[in-house]
Every structure is written in C-alpha cells, then in structure tokens.
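Asks: Based on what follows, work out the 3D shape:
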Amino acid sequence: MKVTKAQAQANRAHIVETASRLFRERGYDGVSVADLMAEAGFTHGGFYKHFGSKADLMAEAAACGLAQSLENSAGKGIAGFFDQYLSRQHRDAPGAGCTMAALCGDAARQPEEVKAAFAQGLENLLAGVESPQMREKLIDSMAHAIGAIVLSRACPDDSALADEIIEVCRKEIVGPWKHEDL
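Replies: The predicted structure is shown next:
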C-alpha cells in the first residue's frame, strides 16, 4: 500500500517525537533503531526511508524536545518557569522533561549536528533577552537549574538529598527572578 506524502510526514513526526521521549528517558546509547521503531509502531527497515543515520534523528529529536520545552515555558514568566522546572515532578519525568537536563552529557559526545541542535535550542531560549546582563543572568540560572536536576536525578529516587538539591536551588534561582521577568 502506497503512503501519501502527508502520511509520510506524519509518520516521520511521530518517529521524531517518540525518539525525543525515548532519548530523554534512556540516553542516546540506550535506544536502538529497532527499539525506537517498534515503540513508534513501525518496522526497523522503515527507519532509513526517513533518516540518513541515527545521528540525523538525534539532532532532529533534540530540536523537537527543545522546541517543546520553549513552548511549555511560554506565558509562565522566568520565575514561574524555574519554579516548575525545579520540582520533583520534573525531576521524576525525564521523558517529558527538559532535553538539556536529560541529554547534555550525552550530547557532548555526539556529532556536531547534535551539538548544534542543543546550541540552537539554547539560543532560541535566549532570543528574547536584549540586555547582556539579563542574558548572563539567564544563562547562569539555566546552567544552575539544569545542574540541579542532573544532580538530583543522580541520587536514589527516595533520597532526601535529591529533594534537598531541588529545594536549595529553587530558592536560589527563583527568588532573584520574582521581581525581574522578561
């Protein structure tokens, strides 16, 4: 049965969204092409009809996840964004959470196209910031928040330290942004 162009595009988008979630849950090396395609409901052989390589998909999935994060932060203000970001709910749901917190360590060891997707995602987040001082403050807050989630996730799930990391960092990050939103 022949697949229409529209259906092929929808299938590709579904594969990218599935990959974005799986990569955040398991890391790039924890997801095989066969596992990904099965999870998306397709055969392994169909992968190369959509992508030249797994690295191509990783870059596209990263861009997809980063764009979703940007969309999810819209309208919350900076303080509201970090308040939600630095929560146990976000920490415990890597597949639905921030691509940077889930995959920055993996991305650093990937091809340039994957790194470029991460850099572009961060630039998109910073795009609305006009003053150099505010840009610096937002970069510092993002690095601090991402590090907090990574450290918290590295602790056992029921660890008091995991919660303490999130609470301490939320207090330090959210407080200064309460009176200074973009």
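
Asks: Stretch 69-82: which residues count as buried?
Replies: S69, S73, I78, A79, F81, F82 (16 or more other Cβ atoms under 10 Å). Where C-beta positions appear, they are placed from N, C-alpha and C, glycine not excepted.

Asks: Quick check: next helix or strand after whichever strand or helix holds the last one?
Replies: In other words, F82. Taking DSSP states H and E as the definition, F82 sits inside helix 77-85. Sequence-wise, the next helix or strand downstream of helix 77-85 (DSSP H and E) is helix 88-91.

Asks: any idea of the mean pLDDT for that following helix?
Replies: Summarised as a single mean, pLDDT over helix 88-91 is 95.

Asks: Show me the contact partners of that helix.
Replies: With contacts defined as Cβ atoms under 8 Å, 6 or more residues apart in numbering, helix 88-91 is touched by Q84, G97, C98, I149, S152, R153, A162, D163, I166.

Asks: Could you tell me which of these count as buried?
Replies: Of these, these count as buried by 16+ other Cβ under 10 Å: G97, C98, I149, S152, R153, A162, I166.

Asks: biggest separation within those, which pair?
Replies: C98 and A162 (16.3 Å; Cβ to Cβ).

Asks: The helix holding F82 - contacts with which helices or strands?
Replies: helix 132-154, helix 160-177 (3 or more Cβ pairs under 8 Å, 6 or more residues apart in numbering; DSSP states H and E).

Asks: closest one to A63 among those helices?
Replies: helix 132-154 (17.3 Å).

Asks: Just give the nearest non-adjacent residue to R135, would you?
Replies: V129 (4.6 Å; Cβ to Cβ, 6 or more residues apart in numbering).

Asks: Many thanks, we can stop here.
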